[in-house]
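K.L.:
pasting the structure only:
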Ligand code: ZN
């Protein structure tokens with residue numbers, strides 16, 4: 001596995017509509033493994049293919065939710081960390097909750113910025129797993145937020161387009177110029 005370079009704004013690939021994946025070949029498997037490694041290394045809770053300069057409809061998500069007792073068919077369990085890893089290809093949101101919630105987001109492709117974004121509290125997503133097999137998920141809370149953020153990337157939409165409030169984020173070691 002290889003770490004991929006994460007592209008940042010204003011790279012045009014982040015604004016393009018990604019193409020559906022049609023070939024489930026070795027090259028795709030390598031890309032998926034590289035994206036998982038890149039997400040973990042960043043570290044991040046989700047990554048979309050356009051963020052590694054590949055304009056294809058593919059996202060990876062890994063997040064742990066203590067109170068998440070959903071039985072998700074697509075989950076590949078990582079028992080030692082209680083994290084759920086999802087690989088979703090050609091994802092499509094098929095249902096949304098009426099309820100929306102505001103939460104704070106950041107993005108690996110927009111360093112130094114955070115913002116408040118309104119998202120559906122729960123969604124249903126359908127798509128394909130890494131081998132091209134159909135999968136359907138029901139997610140809520142932060143998992144639903146991550147999926148909406150990553151699926152937006154496939155449509156060239158960034159969280160800064162949707163945010164109701166944005167601010168510069170500084171951590172202790174790193175100061176904004
Ligand atoms: Zn992002």
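P.N.:
Ah, there it is. Note that the coordinates shown come from a computational prediction; the quantities given were computed from them, not determined experimentally.
K.L.:
show me where pLDDT drops low in this structure?
P.N.:
Where the chain drops to pLDDT under 70, the residues are 65-81, 171-177.
K.L.:
and the helices in it, which stretches?
P.N.:
Assignment of helices within the chain using DSSP state H yields the ranges 26-41, 141-154, 159-162.
K.L.:
need those in a markdown table with mean neighbour count, can you?
P.N.:
Yep, even glycine has a C-beta here, placed from its N, CA and C like the rest. Formatted as a markdown table, the helices of the chain follow (neighbours: other Cβ atoms under 10 Å):
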| stretch | mean neighbour count |
| --- | --- |
| helix 26-41 | 17 |
| helix 141-154 | 22 |
| helix 159-162 | 17 |
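K.L.:
among those helices, which is nearest residue 49?
P.N.:
Ranking the helices of the chain by proximity to residue 49 (Cβ to Cβ) places helix 26-41 first, at 6.8 Å.
K.L.:
and the closest one, what does it pack against?
P.N.:
Contact here means 3 or more Cβ pairs under 8 Å, 6 or more residues apart in numbering; DSSP states H and E; on that basis helix 26-41 packs against strand 46-48, strand 58-63, strand 83-96.
K.L.:
please identify the most buried of those strands.
P.N.:
Neighbour counts (mean count of other Cβ atoms under 10 Å) averaged over each of those peak at strand 46-48, with a mean of 27.
K.L.:
within the sheet, what are the partner strands of it, with directions?
P.N.:
strand 58-63 (antiparallel) (DSSP bridges).
K.L.:
that older thread, which one of the helices of the chain lies closest to residue 103?
P.N.:
With Cβ to Cβ as the criterion, residue 103 lies closest to helix 141-154 of the helices of the chain, at 5.7 Å.
K.L.:
residues in contact with the closest one?
P.N.:
Residues outside helix 141-154 that contact it (Cβ atoms under 8 Å, 6 or more residues apart in numbering): 14, 17-18, 45-51, 57, 59, 61, 63, 65, 68, 84, 88, 91, 93, 101, 103, 105, 107, 109, 117, 119-123, 125, 137, 139, 158-159, 162.
K.L.:
try stretch 158-169
P.N.:
9, 14, 102, 105-107, 109-110, 112-118, 149, 152, 176.
K.L.:
in contact with residue 50: list those residues for me.
P.N.:
With contacts defined as Cβ under 8 Å, 6+ apart, residue 50 is in contact with 7, 13, 14, 16, 18, 56, 153, 154, 156.
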